[in-house]
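Participant: Got a sequence here, can you model it:
(one chain, ligands or ions: 2)
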Amino acid sequence: MVSESCGNPSVESEAIMTRRPKHDKSKICIKCKVNTGAIVIRHAVYCKECFPALLNSKIRRILEPHINAKPELSRKKSLKASGNLLVAFSGGLGSTVLLDLISRIYLSPWTEEEVEGNLKGGKDHPRNQPVWKSVSICYVEIASGFPGMTDKTMKIQQILREKYKTLEFISLRLEDAFDMSWWDKVGGKAALDANADLTNDELFISSTLTTPTLNPVERLRSYISALPTHTAIENAIHTLIRVLLLYTARSTQSSHLLLGTSLTSLSIRLISSISQGGGFSVWEEAYEEWKPDSTTAIRVIRPLQEVTTKECSMWAWWNGLLVVGQEKYPRAKEGIYALTKDFIIGLERDYPSTVSTIARTCSKLAPKVEAVGLCIFCERPLQPGVQLWKSRISLRETGQPTTASRSSDSSPVLQSLTPYLCYSCHTMLTSRNSKGVSGNPASPSLPLPVWASIHPRGLSDDVGRSGMQPDLNGNEELWLRRKIDPDEMKVVIGDFLLE
Ligand SMILES: [Zn+2]
Ligand SMILES: [Zn+2]
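Facilitator: Numbering: from 1, shown residues only. Ligands and ions are numbered 1, 2, ... in the order given. Okay, here's the model as predicted:
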């Protein structure tokens, strides 16, 4: 049978691309089945009264299995964390909503009524004790990294102190990542300022003792201007903030660090991270347990990871929450993250299951091999064999080391940073952009964050010295970059060409 539309591609494609209705059946709330709905979440309708219970259950489902040190105890016994709580606050919608909900669910002081009658077992029963001994909010200001940006620390501090009087406010700055006095304060191991040489993929480290010393803001700016692409800058800032928060959590004896990442932001972060070579740590985007040493274990949880931006907006609107907003640094829109964001948000508008499908699919992925330590830059699991993999996808040559990448007899042996970096961080530092970020060739010397300046841990001392690495047969060989002419290239890759 031939239908009328056959042969008319425009009619056919229209039929395929018809938008689904915003809600499935009726406009009545699917929970109470009485009220008229006020918000549609993935085709399901909820009323204003049932919406808080929905958010409440989503947050508790994500967070509570991870509160007690031993997860199996969480359901039956009372919730009791082994340390304090640190909530990260960016000023954006997600963290504003997160802080509000966490304080309503876990931190609201008991009312007289509750204390007198409604608390099962009374106020002193462990069930009715606070889950965390102390709770702090941490804000990281990035303004010093970019001339002309507004510093919002004072404004945010004022708003938070007014609203959350009992919580401690910790203010950090992005340049703390290059500040030895901050590093001392959070209990970091002794370290010296160091730089990495970006002209070589081995990223040789040099101490800055011989060069003029820069202050932390100058080091931060020099770090940003040395990065090769806008994507690298976005990724680097995100990583610096994350690691600053991790060390702050450790110094405040926190067992939990909460981030205000919504389902929408999580999906964007997943796709953007995978596209930049972060596939090995795809799990850590949703949940991570950071163990930098034998005595520290901090759980990084994103309790809003099942709540979309739309739900966050409705919550903020209905509860009159003040969202300060995050200022974008110049040209942030040119990176992969911003492009991914535009794409996914555009898709979500017509297909409201997009972000949950991305998050659910990624949660089923797992790396094939065990990690061999932590990346010295991002503190995430380090996958084995990064260099071997990179060597297979690039041209290399064996033979005598050249002066370009070998230390001469008189100078000290150079140490390479590369073996201590995950694939994603190495790609971030070595990605090439013919124009450079500002149109000029990028500065070749990259100041290292304080945590990366210390002696690499968990790896053999011999790995990564002067660009020499054992190959598969245990022989040492040297890799170098050079330009070769088309004929020579044809000989090298001849076996792989299809006739
Ligand atoms: Zn309802
Ligand atoms: Zn890394």
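
Participant: can we go C-alpha only for contacts and neighbour counts from here?
Facilitator: Noted.

Participant: Can you name the helix or strand that the residue in the stretch 101-250 of the chain positioned nearest to ligand 2 falls in?
Facilitator: Closest to ligand 2 within the stretch 101-250 of the chain is Thr239: 8.4 Å, counting by Cα to the ion. For Thr239, the host element (DSSP states H and E) is helix 230-251.

Participant: hang on, the residue of the stretch 101-250 of the chain closest to ligand 2 packs against Cys378?
Facilitator: Yes - applying Cα atoms under 8 Å, one finds Thr239 in contact with Cys378, separated by 5.9 Å.

Participant: between these two, who's got more neighbours?
Facilitator: Using other Cα atoms under 10 Å as the criterion, Thr239 and Cys378 rank with Cys378 on top: 21 against 17.

Participant: Correct me if wrong: that one contacts Val243.
Facilitator: Yes - contact criterion Cα under 8 Å: Cys378 and Val243 qualify, at 6.6 Å.

Participant: Mind exporting the C-alpha coordinates of stretch 182-190 to PDB?
Facilitator: Provided in PDB are the C-alpha atoms of stretch 182-190 (Å, rounded to 0.1, in the frame of the first residue of the first chain):
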ATOM      1  CA  TRP A 182      47.400  28.900  51.600                       C
ATOM      2  CA  TRP A 183      49.000  25.500  50.900                       C
ATOM      3  CA  ASP A 184      50.600  25.700  54.400                       C
ATOM      4  CA  LYS A 185      47.300  26.700  56.000                       C
ATOM      5  CA  VAL A 186      45.500  23.600  54.600                       C
ATOM      6  CA  GLY A 187      48.300  21.300  55.700                       C
ATOM      7  CA  GLY A 188      50.000  20.700  52.300                       C
ATOM      8  CA  LYS A 189      53.400  19.000  52.100                       C
ATOM      9  CA  ALA A 190      56.400  21.200  51.700                       C
END
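
Participant: And the residue in the stretch 51-200 of the chain that ligand 1 sits nearest to, how close does it get to ligand 2?
Facilitator: The stretch 51-200 of the chain approaches ligand 1 most closely through Phe51 (7.3 Å), counting by Cα to the ion. Distance, Phe51 to ligand 2, using Cα to the ion, to the nearest Å: 39 Å.

Participant: Please tell me the pLDDT value assigned to that residue.
Facilitator: Looking at Phe51, its pLDDT is 94.

Participant: That one - how many residues pack around it?
Facilitator: Per other Cα under 10 Å, the neighbour tally for Phe51 reads 19.

Participant: how close does it get to Ala452?
Facilitator: Going from Phe51 to Ala452 by Cα to Cα, to the nearest Å gives 45 Å.

Participant: ok so, going back, and for the helix holding Thr239, what are the contacting residues?
Facilitator: 85-86, 88, 138, 140, 174, 176-177, 186-187, 224, 227, 255-257, 290, 296, 298, 331-332, 334-337, 378-379, 428-429, 431, 437 (Cα atoms under 8 Å, 6 or more residues apart in numbering).

Participant: Quick check on those: which are buried?
Facilitator: Neighbour-count burial within the contacts of helix 230-251 applies to 85-86, 88, 138, 140, 174, 176-177, 186, 224, 227, 255-257, 290, 298, 335-337, 378-379, 428-429, 431, 437; the criterion is 16 or more other Cα atoms under 10 Å.

Participant: Give me the subset of those lying in strands.
Facilitator: Among the buried ones among the contacts of helix 230-251, the members falling in strands (DSSP state E) are Leu85, Leu86, Ala88, Cys138, Val140, Ser255, His256, Leu257, Trp290, Ile298.

Participant: nearest to Tyr106, of those?
Facilitator: Closest approach to Tyr106 among these (Cα to Cα): Leu85, at 11.1 Å.

Participant: just checking, the closest one touches Leu257?
Facilitator: Yes - at 6.2 Å, Leu85 counts as touching Leu257 under the criterion of Cα under 8 Å.

Participant: Endpoints of stretch 429-445, how far apart?
Facilitator: Using Cα to Cα, the end-to-end distance of stretch 429-445 comes to 11 Å.

Participant: what mean pLDDT would you report for it?
Facilitator: pLDDT averaged over stretch 429-445 gives 62.
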